[in-house]
Each structure stands twice: as C-alpha cells, then as structure tokens.
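*Asks:* Here is a sequence with its predicted model. Questions after.
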Amino acid sequence: MTHDFSDPTSRFTNRVADYAASRPGYPDALYDVLWERAELRSGSPVADLGSGTGISSEPLLQRGATVFCVEPNAAMREAAEAALAGYSGFSSVAGRAERTGLAGHSVDLAVAAQAFHWFDGAAVRRECARILRPGGSAAIIWNERRLAGSPFLEGYERLLLEYGTDYRSVRHENVTSADLAAFFGGPYHASVFPNLQIFDLEGLQGRVRSASYAPPPGHLAHEPMMAALGRLFDACEADGRVRMLYDARLYIGKLTGLP
C-alpha cells in the first residue's frame, strides 16, 4: 500500500501503533486549566479536532465531558474507537477540522492537540465559529519537546535534523504568535506545564517511528537512523532509561472579531 504523505491526513496511516503507544499525553494540571477556562462541566460537549488515536480526548472523557473525536484518518480513528469505546461520552466523527460535519452551535469547546499545524488556520477558525455555542472557547495544545538541556535531548534533535525527511518544514513550532493571534482574533490565555516521558530502548524506537518525518522501514535512511538512535541511547541511558522532556503549552480563548 502506498500513501500520499503530502496530504497531512494520511501521514500517520502506517504509524498508528507506534503513535498510540509512544506519544506523550498531557499533564493533569493542563486539563485543570482547560476545564476551568472553558467553564466545562459533566456532560459538556467538546470537539477534539484532529483527535488521532484519542490521546488528548481520554482525559476529557474521564472528567465527564461528551467528546466528538473528529479525525479524517481512518486508521487513527479506528484506534481511538478501540481505545475509547468504553466511555459513554465518546463519539467518533469521520471529518476534517475544517469541515467537521458537526451541528452548528453544538459544542462548548473546540480543541486541537498536537494538530493545529496541519490545519488551514483561517478555515478552522470559521468552522470553530460555526460549531461553538455562544460564549464557547477554542484551545490549542502542544507538547513542545525540549531541544537542549541534556546530551540526550541535544543528540535526539541532531538525529532528527540529519535523518528526518521534512522535519524542518512540518514542525509545529513553525506556528507563530501571529498565527495564534489571527486564529483567536483577540486576547487569549497561555499556560505552560512541564511534561516528560521515560523510555527504554524499545520505547524510544517506537517514539521516533511515530513521527511522520521519520523515514519508515524500507526507506534507505531508516536503518542508519535506527542505528544512530541505538548509539545515542547507549551513550545517554541511566539504568536502562532516557528522559524526554517537554513543555506542554495551552492556548485558550474566545474567537473574536468574527464577521
């Protein structure tokens, strides 16, 4: 099977198992602020845009929200359905962030976690304005991996720069403060929370394979990348583990300046 990796909705089709197993979640403190700022309560309807395998949705479901997981990639959507089927508030929606298919004025919060950089920002702003109830909030969440501060973090970044297929062009850090200002149209609240993952070698291998810019098995650069990853792990591990540190960032506000 071949995939058109120029289409962001298909980039993760052959990485779903690694994505679900090795991507980081988000700190409880972030969800505390999100819940309070969005004025959510048990049963509040939320649209999770580009929800992937459900990593960002599950904490909202655990808190009692009704979550519409909007995901265009069938393989990722099916993984979320398998993982989240036990939650009564879970709904799986085959749609794009720009065209969710949700009813107008139907949700209290529209949130995008680790996904906004794949979207057409202007189109998603219009769609959020359509689906949000009066007074509803929009939020953008990212785990921003720290690029420096330890030999492992610095070596991992060098590895991605050397072997990543289009790493520089698709990083979510390419979304600027001007992009955020254009999306919200006015003031928004920003918070940052420390986050981390602790990996053995197998887990670290899955983490790098989960990235859409990592050359997949069969690519000429895949084996050299994995060999370099093994050397990095051997040089940096302590008790058979390495620590990947993140800044979990939350941006939340009302959409203002709408026509």
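*Replies:* Ah, there it is. Numbering: from 1, shown residues only.

*Asks:* Please count neighbours and contacts with C-alpha atoms only from this point.
*Replies:* Fine.

*Asks:* could you show me where the strands are in the stretch 101-250 of the chain, in order?
*Replies:* Under the criterion DSSP state E, counting those that start in this stretch, strands of the stretch 101-250 of the chain are mapped to 107-113, 132-145, 189-199, 242-253.

*Asks:* highest average neighbour count across these?
*Replies:* Burial among the strands of the stretch 101-250 of the chain, expressed as mean neighbours by mean count of other C-alpha atoms under 10 Å, is greatest for strand 107-113, which shows a mean of 24.

*Asks:* Mind listing the strands that strand pairs with, and their directions?
*Replies:* In the sheet, strand 107-113 lines up against strand 45-49 (parallel), strand 132-145 (parallel) (DSSP bridges).

*Asks:* which residues sit against the shortest one?
*Replies:* What that stands for is strand 45-49. Contacts of strand 45-49 from elsewhere in the structure, counted by C-alpha atoms under 8 Å, 6 or more residues apart in numbering, are 56-57, 65-71, 96-97, 106-113, 115.

*Asks:* Just the buried positions in the helix or strand containing A75, please.
*Replies:* Using DSSP states H and E, A75 falls within helix 74-84. Residues 75-81, 84 are the ones in helix 74-84 that count as buried (16 or more other C-alpha atoms under 10 Å).

*Asks:* Can you name every helix or strand that that helix contacts?
*Replies:* Contacts defined by 3 or more C-alpha pairs under 8 Å, 6 or more residues apart in numbering; DSSP states H and E place helix 74-84 against helix 16-22, strand 90-93.

*Asks:* And the ones you listed: which comes nearest A221?
*Replies:* Counting by C-alpha to C-alpha, A221 lies closest to helix 16-22 out of the helices and strands packed on helix 74-84; the figure is 18.4 Å.

*Asks:* from the middle of its chain, how far away would the closest one be?
*Replies:* Offset of helix 16-22 from its chain centre (C-alpha atoms, centre = their mean, to the nearest Å): 12 Å.

*Asks:* So which bits of it are buried?
*Replies:* Buried, per 16+ other C-alpha under 10 Å, within helix 16-22: 16-20, 22.

*Asks:* Identify the farthest-apart pair in these.
*Replies:* The farthest-apart pair in these, when distances are taken by C-alpha to C-alpha, is V16 and S22, at 10.0 Å.

*Asks:* what is in contact with the two at once?
*Replies:* S210.

*Asks:* quick revisit: what's the least confident stretch among the helices and strands packed on helix 74-84?
*Replies:* When the helices and strands packed on helix 74-84 are compared by mean pLDDT, helix 16-22 comes last with a mean of 89.

*Asks:* Tell me the first helix or strand C-terminal of that one.
*Replies:* Sequence-wise, the next helix or strand downstream of helix 16-22 (DSSP H and E) is helix 28-37.

*Asks:* And the contacts of that following helix?
*Replies:* By C-alpha under 8 Å, 6+ apart, the residues outside helix 28-37 that reach it are 41, 59-60, 139, 191-193, 248, 250, 252.

*Asks:* how does it look with 7 Å?
*Replies:* Applying C-alpha atoms under 7 Å, 6 or more residues apart in numbering, the external contacts of helix 28-37 come out as F193.

*Asks:* what's the angle from it to strand 242-253?
*Replies:* 10 degrees (axes from the mean of the first three to the mean of the last three C-alpha atoms, to 10 degrees).

*Asks:* in stretch 228-243, what's buried?
*Replies:* 228-229, 232-233, 236, 241-243.

*Asks:* ugh, typo on my part, it should be stretch 34-54
*Replies:* 34-35, 38, 40, 44-54.

*Asks:* can you check stretch 61-68 too?
*Replies:* Of the residues in stretch 61-68, 61, 63-68 count as buried by neighbour count, 16+ other C-alpha under 10 Å.

*Asks:* Please give me every residue in contact with H105.
*Replies:* 130-133.

*Asks:* Of those residues, which is the nearest to G101?
*Replies:* Closest to G101 out of these is I131 (9.2 Å), distances taken as C-alpha to C-alpha.
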